[in-house]
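Colleague: Give the three-dimensional model of this entry:
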Amino acid sequence: MDDLYTNIANLGFPIAISIYLLVRIEGKLSNLTTSINELSKAIISLK
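Modeller: Below is the predicted model:
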């Protein structure tokens, strides 16, 4: 039973942190993609 707790402590925490960071970064990547598309349209309109 102690091995189970050790594995949860050693693997569960990094997995939880990874999922949290991926969810946060996904939102920022979406905003970045939108900004890049708007910038591209602005550059095209200047030509």
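Colleague: How far does the longest helix along the chain sit from its chain's centre?
Modeller: As assigned by DSSP state H, the longest helix anywhere in the chain is helix 13-46. Mean-position distance between helix 13-46 and its chain equals 8 Å (C-alpha atoms, centre = their mean, to the nearest Å).
Colleague: what is the mean pLDDT for it?
Modeller: Helix 13-46 comes out with an average pLDDT of 94.
Colleague: how close does Glu26 sit to Thr34?
Modeller: Separation of Glu26 from Thr34 (C-beta to C-beta, to the nearest Å): 13 Å. Any C-beta I mention is one placed from the backbone N, CA and C, and that applies to glycine too.
Colleague: and if you look at Gly12?
Modeller: Gly12 is 34 Å from Thr34, by C-beta to C-beta.
Colleague: what does Ile17 give?
Modeller: In terms of C-beta to C-beta, Ile17 sits 27 Å off from Thr34.
Colleague: Kindly report the same for Ile8.
Modeller: Distance from Ile8 to Thr34, by C-beta to C-beta: 39 Å.
Colleague: same deal with Ile43?
Modeller: 15 Å.
Colleague: likewise Leu11?
Modeller: For Leu11 relative to Thr34 (C-beta to C-beta), the value is 35 Å.
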